[in-house]
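>>> Here is a sequence with its predicted model. Questions after.
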Amino acid sequence: GAVVSQHPSWVICKSGTSVKIECRSLDFQATTMFWYRQFPKQSLMLMATSNEGSKATYEQGVEKDKFLINHASLTLSTLTVTSAHPEDSSFYICSAIERGPRLWGNTEAFFGQGTRLTVV
Amino acid sequence: RKEVEQDPGPFNVPEGATVAFNCTYSNSASQSFFWYRQDCRKEPKLLMSVYSSGNEDGRFTAQLNRASQYISLLIRDSKLSDSATYLCVVHMNTGFQKLVFGTGTRLLVSP
């Protein structure tokens, strides 16, 4: 099946620094990528939807200036957590939808392995 | 009201039992529906899509009721390996595309 590679798988950073997370679709073109955050024992919360070549659409309550999303190509989207603080510590995971003629109903979302961010 | 709601569980069942999970969604613009499985500290993986006519894959059966905005997943003959969190996922198009997850229902299958 299709593969989405997310990097890094874990990162520890100091408070106030910025962290960039990459999400790559390895064997397909992804016009749409989603970024989620998951706190312990909680559900995946959609942060933003990233469309190739256009600005990301952020969910209510997600600061677009803090969580910078770039989707410059059909195979790469990045999430940058700027000026990270301990409360940003979480599991961040991306998902990609394959571009193609298939209808949404028949299209699977593929997930990266996730990035565990710890801000100290 | 949350866009996608599930009973968080946990559901504790013995091996061989039949268990059903329910999910409701609030947005009538919802287009496609999926069940994903997530193991502890891992990424979600697609279990099955949910079609209007209902669909079955081995021990798993998914149903969709658009009128009631309700989705279900039935697992028959539960195995220990079925222990996981089951996520109801809804694709919506409200001017832009988005995939929304339910909180997940945790299943624990015991010997």
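Cool, got the structure.

>>> Could you list the low-pLDDT ranges of the chain?
Unless you meant another one, I'm taking chain A. Flagging of chain A using pLDDT under 70 yields the residue ranges A:1-2, A:99-108.

>>> my bad, the chain I had in mind was chain B
By pLDDT under 70, the low-scoring segments of chain B are B:94-97.

>>> near chain A, which residues of it?
Applying Cβ under 8 Å from any Cβ of the partner chain, we find that chain B lies next to chain A at B:31-32, B:34, B:41-46, B:49, B:51, B:87, B:89, B:91, B:93, B:96-104. (Glycine included, C-beta is placed from N, CA and C.)

>>> hmm, try it at 6 Å
Residues of chain B lying close to chain A (Cβ under 6 Å from any Cβ of the partner chain) are B:31-32, B:43-44, B:46, B:91, B:96-101, B:103-104.

>>> what's the most distant pair in those residues?
B:96 and B:104 (24.2 Å; Cβ to Cβ).

>>> The two: which is more packed in?
Using other Cβ atoms under 10 Å in any protein chain shown as the criterion, residue B:96 and residue B:104 rank with residue B:104 on top: 27 against 12.

>>> Provide a list of residues in contact with that one.
Residue B:104 makes contact with A:43, B:85, B:87 under the criterion Cβ atoms under 6 Å, 6 or more residues apart in numbering or on different chains.

>>> if you set the cut-off to 7 Å instead, what comes out?
If a contact means Cβ atoms under 7 Å, 6 or more residues apart in numbering or on different chains, then residue B:104 has A:43, B:6, B:8, B:38, B:85, B:86, B:87 as its contacts.
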